[in-house]
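>>> take this sequence and fold it.
(2 chains)
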Number of protein chains: 2
Amino acid sequence: MTTDNLQKQVAFIKEIDKLKYIQRKTKLFNSDRHENDAEHSWHLAMMTIVLAEHSDKPINVLKVLKMVLIHDIVEIDAGDTFIYDATKSHTNTAEELIAAKRIFGLLPTEQAAEFITIWNEFEDGTTDEAKFARSMDRFEPLLQNTSNDGGTWVEFNVPYQTVYDKKKAIQNGSTSIWNYAENLLNESVDRGILKKQPD
Amino acid sequence: MTTDNLQKQVAFIKEIDKLKYIQRKTKLFNSDRHENDAEHSWHLAMMTIVLAEHSDKPINVLKVLKMVLIHDIVEIDAGDTFIYDATKSHTNTAEELIAAKRIFGLLPTEQAAEFITIWNEFEDGTTDEAKFARSMDRFEPLLQNTSNDGGTWVEFNVPYQTVYDKKKAIQNGSTSIWNYAENLLNESVDRGILKKQPD
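Numbers count the residues shown, from 1 in each chain, chains lettered A, B, ... in the order given. Okay, here's the model as predicted:
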């Protein structure tokens, strides 16, 4: 059984290497190339460890880490959906569910079920762990765009209110990080890298 | 205090973005480009979650995750040392210690101390968590090289015994993963991608 499990697990480990090829719209903090999903997931995991103390509710950090590490794996099949693309659905699309079943399904049965449950919990966003994980997922690109002269906000001409409405989810996980984020948004308007009225 | 901590933590989160620029010698499983340290760290974290059941000893998975997520951050200043470069020291060099103090030192004092302790524990490799974390660090490039027609073994003409001596550390964390790894090494010799006698 151990060997059988291990073979399945190695097949999964090899498959998820493909996450390193899924490009996001946001760029690295130094701005010269796009970030990929594996790098993004690592950064969210680091942010989770570093910022866990700011969660409004007590959280199981191990569970949050699992969420942020696996949350984008479905994009290997389903691709990255740009957060400000209003023409696309952003949660649990049929395509993502099929992807989850295929990719997590490479694992031994019980483990596959565990991973799908964790991924669904993240997508639903209702537990304290999912709220904190999702606040990390919103906070990282905010830090990137404010470090990159507006990044995707400027590139795709996204107005303040649209950004604000997306970033507000940070508040569900942490009041103190949200206060910090709101200040960054206001500063971005003052700096002219985030516009109240779109061009 | 919360705001003060948060400012320091954000400075750290921005600084570690540089890990995405540190290239390793090994290539991705699909072999068309080198892996960077952030992608590598994400992959080890995934492997930790997936393979924890194979640890010979009970382990604190959260601690192992922290180890693998931060283990290469010192390379932002100190650079990547190729594992088969016999002219270089591979553990806790003076340069790495200075890097650890500078980069983890961006964090609030207590958190900086915690991160340096975890990093040292990984480098020392004596606790059960460190042994398992190090076995993940040895296992990933083995899977890459066997998926890449020998990868760095062929590129740098590294003989079987040298590879074997490095990979043996897997055994300290998991007998079953080591058995699997030893089979892969033998298969690699049979396939001609790992040579008992160097050219």
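
>>> where does pLDDT dip in chain A?
When residues are selected by pLDDT under 70, those of chain A lie in A:1, A:89-92, A:198-199.

>>> what's the following helix or strand after the longest strand seen in chain A?
Ranked by number of residues, the top strand in chain A under DSSP state E is strand A:23-27. Of the helices and strands lying after strand A:23-27 in sequence (DSSP states H and E), the nearest is strand A:34-36.

>>> next, the angle strand A:23-27 makes with the helix or strand following that next one.
Downstream of strand A:34-36, the first helix or strand assigned by DSSP H and E is helix A:37-51. Helix A:37-51 and strand A:23-27 meet at an angle of 50 degrees, taking axes from the mean of the first three to the mean of the last three Cα atoms, to 10 degrees as the criterion.

>>> spit out the contact partners of the closest residue to A:F82 other than its chain neighbours.
Nearest non-adjacent residue to A:F82, counting by Cβ to Cβ, 6 or more residues apart in numbering or on different chains: A:K25, 4.8 Å away. Just so you know, the C-beta spots here come from the backbone N, C-alpha and C atoms, and that holds for glycine as well. Residues counted as contacts of A:K25 (Cβ atoms under 8 Å, 6 or more residues apart in numbering or on different chains) are A:H34, A:D80, A:F82, A:I83, A:T152, A:E155, A:F156.

>>> quick check, nearest of these to B:D17?
A:H34 (13.1 Å; Cβ to Cβ).

>>> bridging residues for that closest one?
A:K27 (DSSP bridges).

>>> let me know whether it touches A:R24 as I believe.
Yes - in this structure, A:H34 is within contact of A:R24 by Cβ atoms under 8 Å, at 6.0 Å.

>>> give me the more crowded residue out of these two.
A:R24 (21 against 13; other Cβ atoms under 10 Å in any protein chain shown).

>>> where's the residue nearest to that one when sequence neighbours are not counted relative to A:K88, distance?
Distance criterion Cβ to Cβ, 6+ apart; nearest residue to A:R24, sequence neighbours excluded, is A:E35 at 4.9 Å. Distance of A:E35 to A:K88, computed by Cβ to Cβ, to the nearest Å: 19 Å.

>>> so for the two, which residue has more residues nearby?
Each of A:E35 and A:K88 has its neighbours counted (other Cβ under 10 Å); A:E35 has more, 22 against 11.

>>> got the contact list for that one?
Taking Cβ under 8 Å, 6+ apart as the test, what A:E35 contacts is A:Q23, A:R24, A:T26, A:K27, A:L28, A:H43, A:Q144, B:K20.
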